[in-house]
Structure formats: structure tokens, C-alpha cells
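S.K.: below is the sequence, then the predicted model.
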Amino acid sequence: MYGSIEAIVFDVDGVLVDVQNSYPKVVAEAVRIGWPAATGRPLGTHSFDVSYFNACKGHGACNDDYDIAWLALCAAAKGIFRGEFPSLEEWREVLASIPQDISLERWIPEAFGSRVERRYVRRICEELYMGEQFRRLRGLSPQYSNGKGYYRLERPQIFRHWRSFRLPVGIYTGRPREELELALQQIGWEDFPFSHAVTPDSGPAKPSPEGLSLLSKRFETTRLLFIGDATSDLMAWRGFASGAFIGVGAPLRQVYRPTMPSLQAALVAAGLQ
């Protein structure tokens, strides 16, 4: 199955880097900061904890983590929750109402209106994630965070250089270019060519298969092995309809095989380690 593979494409979050201590905390903190403006009351003791975040990872529309925070705040602003804060069951009901293959950027304003601006939520998330790098990467002064950045809490999941693979290597990620740059620094891939990466600000976003199509054209082969950790990755590969896919991590294990416990296991299974 994998012997005919002619190029490897990696997702980043949950594959090349462990983001358990970064993006879920960014989203939770952004919800806390934005809650008073969205609802007219503080969040109190409630928390958009990791269980809410993880519930989104099985949904094809939730590729962009910052849009998860925007979804929570827009739903709250619309007043759809029965109490002051949604239960996990109620949050899952919201997710179930969203088509799997739609963009949240398009769906949220149609469903909940535009009382909470997307750019406002993204600005909060970017400041929290980038920390001291925000000024350098965005050329702006932070308004919501002066911390060191949650990106510092990420851990590499790959321990070899991209050039060491015998095949061309690509990346298809939901990260914008600046945040991809931070991830590449974490794993020692600072020299990775951005011409081999597809990000939402340089091309299509998952679950669209177009990112894989672009990389396929650049590598002049449709025989790609795509390694991802979310439903949006799986949907992108199925739409591309060529090559092979290996899932990594628990969220995908319930819906797809083969799904491996780690990137290292995935590389071994594909004969690439």
C-alpha cells in the first residue's frame, strides 16, 4: 500500500508538534476574554476546557482553532445556550448542527449574526499564541496579552530533518504562515521551503482537498501519503481521492483505520522510519 508512495504530506498540529498545551489553552482564554463583550456578563467560574475543544476535533468544519473560539462567542452572543454557559452536551448539539464540509467563516455569520467580529477574536488568539513574537510577526503592539506565548509550550513530535526522507516532503496545515514558522523552529525545520507548504493565507483550507492537489502538482505525483490527526484531514484526503492516509491520535481512531498512537508509529507503519 505504501510502497508506491512518491511524496509525504504532514499536517502540523497533533502530528509534527504536540499542541495539547497551546491551542486548547489559547481558545479557552480567548473565550474568557471575549465573553463579557459577547454576553454582557463575565464568564465567572465556567471554563471552555479541553473537553469542549476536543469535541470539535471530530468535526470537519473545525480545522481552524481560532474559529472554535469565535463559534463559542457568537453562539453565546446569540443567546442560544439554555444557561449561563453551555454544558458539553449542549456544545455537541451546536456542533451537530454545522455541516461537516462547510467553512465556519461562512456558516457562523449566517447562523448567529455578526455581533462578535471574527477579526477581534483572531487578534486575541494570535496575541495569546505568539506572545512576545506578536510584535515581530504582525508589526503591531499587543492589546490583550503581554505573556511569553503559548507556542512555547508545544513539543516536537518528529526528531529528524525533513531532508532525511527519501521522498519529497510537504505540509498542509490550518496554521497561517507566521504560526507555521514558529512550529518549524520548534522542530528544527527552519530551512523548510514555504513553496512546499499550503496554509490558509497562501491557498485553500481543509477540509478542501485543493491543498493536496496543489502539492501534488508541485511534486508532480498524485501518490501522496497524507498524515493527519483530525476529521478535516481525513476529509481532505478523501476528496483528493489518491495516495494514502494515516491517522494519528485518539480522535480519528473511532472513525478511521489505520490510526496510529504517534507520528513515529505512523512512519514505521509506512516504512519511512
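M.R.: Nice, thanks for sending it over. Numbering: from 1, shown residues only.
S.K.: packing partners of the helix or strand containing Glu90?
M.R.: Secondary structure assignment for Glu90, by DSSP states H and E: helix 88-96. Helix 88-96 makes packing contacts with helix 50-56, helix 65-78 when contacts are defined by 3 or more Cβ pairs under 8 Å, 6 or more residues apart in numbering; DSSP states H and E. (C-beta placed from N, C-alpha, C; glycine too.)
S.K.: mind checking what helix or strand follows it in sequence?
M.R.: The element immediately downstream of helix 88-96 (helix or strand, assigned by DSSP H and E) is helix 104-112.
S.K.: ok, and for that next one, which residues are buried?
M.R.: Residues 104, 107-109, 111-112 are the ones in helix 104-112 that count as buried (16 or more other Cβ atoms under 10 Å).
S.K.: so what touches the helix or strand that that helix is followed by?
M.R.: Next helix or strand after helix 104-112 toward the C-terminus (DSSP H and E): helix 118-130. Contacts to helix 118-130, defined as Cβ atoms under 8 Å, 6 or more residues apart in numbering, come from residues 22-23, 25-27, 29-30, 33-34, 65-67, 69-70, 73, 105, 108, 134, 137-138, 142-145, 147, 149-151, 178-179, 182.
S.K.: with respect to burial, which of the helices and strands packed on helix 88-96 scores highest?
M.R.: For the helices and strands packed on helix 88-96, average neighbour numbers computed from mean count of other Cβ atoms under 10 Å are highest in helix 65-78, which has a mean of 25.
S.K.: that one vs helix 88-96, what angle?
M.R.: What separates the directions of helix 65-78 and helix 88-96 is an angle of 110 degrees, with axes from the mean of the first three to the mean of the last three Cα atoms, to 10 degrees.
S.K.: which other residues reach helix 65-78?
M.R.: If you take Cβ under 8 Å, 6+ apart as the criterion, helix 65-78 is touched by 13, 23, 26-27, 30-31, 34-35, 38-39, 48, 52-53, 56, 62, 81, 86, 91, 94, 104-105, 108-109, 111-113, 115-116, 118, 121-122, 124-126, 174.
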